[in-house]
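Asker: My questions are about this predicted structure, shown below with the sequence.
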Amino acid sequence: MSDAPLFIDTHAHLAMSQFDEDREAAIARARAAGVARMIEIGYDLPSSRAAVALAERHPAIYAVVGLQPNHIHEAPPDYLEQVRALAAHPKVVAIGEIGLDYYWMRVPAASQEEVFRAQIALARDLGLPVVIHSRDAQADTLRILADAARGQTGVMHAFSGDWAYARACLDIGFMLSFTGTLTYAKATALHEVARRAPLAVLLTETDSPFLSPNPYRGQRNEPAYVRLVAERLAALREEPLARVAAQVWANAERLFTFDGPRR
């Protein structure tokens with residue numbers, strides 16, 4: 001029996017068109033690299049349906065469904081009922097990615113907040129965690145989470161803030177997830193967070209096909225590269241890779257309750 005560490009990519013978008021030519025091969029490469037579990041993330045209704053379909057075809061893949069802030073203007077009036085129906089699938093492990101995006105600002109902030117709060121409430125009703133997208137919106141994200149998601153479980157996807165922001169997220173009770181940006185030499189604030197945060201609240205992800213780690217920066221990202229994120233996390237913390245990988249795996253198990261009872 002192999003003692004090789006197992007890795008998990010807690011946030012990928014394999015259903016996107018960037019993988020149309022080699023989706024199955026990318027999944028196979030991930031498995032060969034020791035990535036034993038992947039979570040496919042929805043960002044609108046079509047991608048949420050695709051996430052569920054991908055999870056149905058692959059035992060190692062699970063799904064997250066929801067509306068990301070840059071896509072809520074495309075959603076029909078009954079979007080919440082559709083997300084609820086998708087979330088009934090046994091391989092759906094969270095509601096997401098949901099949140100705020102003030103960088104693109106494709107939707108007014110008030111509308112983003114309304115949909116954000118509605119999906120947090122849905123997740124609470126279903127007993128599911130939330131996967132948070134927050135870009136250039138730290139203060140409002142914290143305000144909403146502290147009000148609407150206190151006591152709720154969730155993760156800050158593609159965490160990119162400093163230690164003060166990280167500590168505020170941890171105080172609310174959320175985990176932090178690192179992408180390939182953790183491998184960038186100039187990401188010193190992120191390195192500090194990786195060193196100071198308790199290992200028991202950290203996750204790894206790729207956000208494939210985006211945010212590739214070194215040495216693949218500028219190229220398409222894929223789940224196999226999550227191992228590089230875990231390796232960098234272990235190096236920053238000066239801890240054995242096997243220990244870090246095992247704890248991240250346990251963290252994901254605790255947050256997402258894979259194959260657990262429907263709530």
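Answerer: Perfect, thanks for sending it.
Asker: how deep is the closest residue to A33 other than its chain neighbours tucked in, by neighbour count?
Answerer: Excluding the flanking residues, the one nearest A33 by C-beta to C-beta, 6 or more residues apart in numbering is A224, at 4.1 Å. For glycine as for every other residue, the C-beta is placed from the backbone atoms N, C-alpha and C. Residues contacting A224 under the criterion other C-beta atoms under 10 Å number 23.
Asker: I'd assumed A28 was in contact with A224.
Answerer: No: A224 lies out of contact with A28 (C-beta atoms under 8 Å); the separation is 9.2 Å.
Asker: now the helix or strand hosting D9: mean pLDDT?
Answerer: Element membership of D9, judged by DSSP states H and E, is strand 7-12. Averaging pLDDT along strand 7-12 yields 98.
Asker: For it, buried residues please.
Answerer: The neighbour-count criterion (16 or more other C-beta atoms under 10 Å) identifies F7, I8, D9, T10, H11, A12 as the buried residues of strand 7-12.
Asker: now swap in stretch 80-97 and tell me
Answerer: Within stretch 80-97, the residues scored as buried using 16+ other C-beta under 10 Å are 80, 82-84, 86-87, 89, 91-97.
Asker: now, which of those residues lie within strands?
Answerer: Residues of the buried residues of stretch 80-97 located in strands (DSSP state E): V92, V93, A94, I95, G96, E97.
Asker: got JSON lines for the residues you listed, with distance to L236 and pLDDT too?
Answerer: JSON lines is the format used below for those (distance: C-beta to C-beta, whole Å; pLDDT from 0 to 100):
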{"residue": "V92", "distance to L236": "32", "pLDDT": "98"}
{"residue": "V93", "distance to L236": "27", "pLDDT": "98"}
{"residue": "A94", "distance to L236": "26", "pLDDT": "98"}
{"residue": "I95", "distance to L236": "30", "pLDDT": "98"}
{"residue": "G96", "distance to L236": "26", "pLDDT": "97"}
{"residue": "E97", "distance to L236": "25", "pLDDT": "98"}
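Asker: which one of those is nearest A185?
Answerer: A185 lies nearest to E97 out of those, by C-beta to C-beta, at 27.4 Å.
Asker: Work out for me the element S134 sits within.
Answerer: Going by DSSP H and E, S134 is part of strand 130-135.
Asker: Quick check: neighbours of that strand in the sheet, parallel or antiparallel?
Answerer: Sheet pairing of strand 130-135 (DSSP bridges) gives strand 92-101 (parallel), strand 154-156 (parallel).
Asker: tell me the angle the strand holding D9 makes with strand 92-101.
Answerer: Interaxial angle of strand 7-12 relative to strand 92-101 (axes from the mean of the first three to the mean of the last three C-alpha atoms, to 10 degrees): 50 degrees.
Asker: From the rest of the structure, what touches strand 7-12?
Answerer: Under the criterion C-beta atoms under 8 Å, 6 or more residues apart in numbering, residues 30, 33-41, 97, 131, 155, 157-158, 177, 179, 203-208, 222-223, 226-227, 230, 245, 248-249, 252, 256 lie in contact with strand 7-12.
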